[in-house]
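1. generate coordinates for the sequence data below:
(chains A and B)
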Amino acid sequence: MNKPIEWHVTAQDGEARCGILQTRRSEIETPVFMPVGTQGTVKGVRFEWLEDELDARIILGNTYHLWLRPGVELIRDLGGLHKFSTWNRSLLTDSGGFQVFSLTDLRKLNEDGVEFRSHVDGTKMFLSPEVSMEIQAALGAEIVMVFDECPPGDAGLDMTRKSLEMTARWAKRSKDKFNQLQDEEKDTGFLEVENLSGRQSLFGIIQGAGHLDLRRESLEKTVEIGFDGYAIGGLSVGEEKAVMYEVLEFLAPQMPKDAPRYLMGVGTPEDLVEAVYHGVDMFDCVMPTRNGRTGGAFTSRGKINIRNAKFAKDGEPLDNDCPCSVCQRYSRAYLRHLYQTGEMLASVLISHHNLAFFLDTMRKVREAIKLGKFGEFRRDFLRRMSNN
RNA sequence: GCAAGGGUGGUCGAGUGGUUAAUGGCACCGGGCUGUAAACCCGGCAGACGGAAGUCUUACAUAGGUUCAAAUCCUAUCCCUUGCA
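-> Residues are numbered from 1 along each chain as shown, chains lettered A, B, ... in the order given. Purely as a prediction, here's the structure:
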């Protein structure tokens, strides 16, 4: 039987690896950064830009948000998220598991699933592994995430163990339901593709907070169930940065070598490089678009805040070394003026640049791995980023 | 010229004898943002000293006055708005 996705390593340097991920919709070079498009849009950035200049091969969508608005039925009726949004490259949908964490005040959790009070209008909604899989089949993404519970970063041992055990049971339920839905052809994104099954793929999620033994335990349980790819969840959710790096160093190399490893929700450019160094292949993060919207720009010499008065007369681009169309044309002074006057274009342009910077950084990461010079690249990169 | 109403910190605007260095909004300055409840949130915003609790100085058009105490009451002056000439 053909696989829903194909992934193989093309180069390796230490634990860092380069690979090609083929989905039914696009070929993706890893390590890859996936822009976040929670509500069926990468905030402030047109698909044209993502496709042409930025050349993003895969973006995210979110089960919870799209379920509330515009609703599953509507998206299913309009042929799935690809058709509805016109994004024809790959999609990965998050399961709503992160909202179990981020909407903690609006939800009640038990073994069956999670009752949410909608953050939009307060309506009670019930999300479970089965419901999440139904929604994700209707959305039709290439990569579907299991429904997990994401405990806070500083969760204690007992709480983390209970959580991870439930996540493992939910993972099994997710997989069973997922398979059933695939058999019933409920996937709206189905596409006949040579050498691929045309089906959706399903990724498992490893939890365990900052507890290494629990991480190992979660890894074993997840691999035992068996998935097309494996994600590290529950990092950058309030724990110390050192804890995150410790977990990555410990966990990533132990994860299956023949499947993509996805670090969920991370992170800063430095985090990405560090994680690649430990063997991670896929990333997503709201940071480039959220910070971009609020005046934060990432550059090859560290972060800057375009609101700062020191940029008022600065005729230089955000980043002199950046080839993106924003840096080719606009000055910091102009961008600051746009931000200060509340012009939406400021958010649009900085988000665009930030995505360009993240995607470009991953391009350089891949290049360095292929040349066997990733260690050197990492050292230089981290030094430059902390220069500012 | 007469009549009425006003002049408050960068700005708009509360406050009409006592925890008022003076509520708010905006502007300004700075910080934060990691599987997006986020075009958002937090802090600062008279000056000087101090790490800080704090201390001192100067402040509600200007100049006097009343009072234990004034942005708040009184007098004069200047200026603004509206109406009538």
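2. now A:E53: how far from RNA strand B?
-> 18 Å (Cβ to the nearest atom of the strand, to the nearest Å). C-beta: built from backbone N, CA, C; applies to glycine.
3. show me the contacts for that residue.
-> A:324-325, A:356 (Cβ atoms under 8 Å, 6 or more residues apart in numbering).
4. how does it look with 10 Å?
-> Residues in contact with A:E53, defined by Cβ atoms under 10 Å, 6 or more residues apart in numbering, are A:323-326, A:352, A:355-356, A:359.
5. so how do I select the buried members of those in ChimeraX?
-> Burial among the contacts of A:E53 is assessed by 16 or more other Cβ atoms under 10 Å; the matching ChimeraX selection reads:
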select /A:324,325,326,352,355,356,359
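6. just name the closest of the contacts of A:E53 to A:G14, please.
-> Checking those against A:G14 by Cβ to Cβ gives A:L359 as the nearest, at 22.8 Å.
7. so what pLDDT did that closest one get?
-> At A:L359, the model reports a pLDDT of 98.
8. correct me, but it touches A:P288?
-> Yes. Using Cβ atoms under 10 Å, A:L359 is in contact with A:P288, at 8.9 Å.
9. which SSE is the residue nearest in space to the middle of chain A in?
-> In chain A, the centroid-proximal residue (Cα atoms, centre = their mean) is A:D284; its distance is 2.3 Å. Under the criterion of DSSP states H and E, A:D284 resides in strand A:282-285.
10. ok so, going back, common neighbours of A:L359 and A:P288, please.
-> Here A:L359 and A:P288 have A:33, A:35 as joint contacts, going by Cβ under 10 Å, 6+ apart.
11. tell me what the residue nearest to the centre of chain A is bridged to.
-> In this entry, A:D284 is beta-bridged to A:M34, by DSSP bridges.
12. hang on, it packs against A:T93?
-> No. A:D284 lies out of contact with A:T93 (Cβ under 10 Å); the separation is 11.1 Å.
13. pull up the overlap in contacts between the two.
-> A:37, A:60.
14. and the residue nearest to the centre of chain A, what does it touch?
-> Contacts of A:D284 by Cβ under 10 Å, 6+ apart are A:32-37, A:58-60, A:92, A:94, A:231, A:262-267.
15. I'd like the list of the residues you listed that fall within helices, please.
-> Members of the contacts of A:D284 lying in helices (criterion: DSSP state H): none.
16. distance check, the closest residue to RNA strand B within the stretch 1-150 of chain A against A:L68.
-> Using Cβ to the nearest atom of the strand, A:C150 is the residue of the stretch 1-150 of chain A that sits closest to RNA strand B, at 2.4 Å. Going from A:C150 to A:L68 by Cβ to Cβ, to the nearest Å gives 19 Å.
17. who has more neighbours out of the two?
-> Neighbour comparison, A:C150 and A:L68: the larger count goes to A:C150, with 24 against 18 (by other Cβ atoms under 10 Å).
18. grab the nearest non-local neighbour of that one.
-> A:F101 (3.9 Å; Cβ to Cβ, 6 or more residues apart in numbering).
19. helix or strand: which one has that neighbour?
-> helix A:97-102.
20. mind giving me the packing neighbours of that helix?
-> Packing partners of helix A:97-102 (3 or more Cβ pairs under 10 Å, 6 or more residues apart in numbering; DSSP states H and E): helix A:63-68, strand A:107-109, strand A:114-117, strand A:124-127, helix A:157-183.
21. just list what the third one packs against, helices and strands only.
-> Using 3+ Cβ pairs under 10 Å, 6+ apart as the contact definition, the elements that strand A:114-117 packs against are helix A:63-68, helix A:97-102, strand A:107-109, strand A:124-127.
22. what does the last one give?
-> Counting contacts by 3+ Cβ pairs under 10 Å, 6+ apart, helix A:157-183 is packed against helix A:97-102, helix A:129-139, strand A:143-145, strand A:201-206, helix A:212-225.
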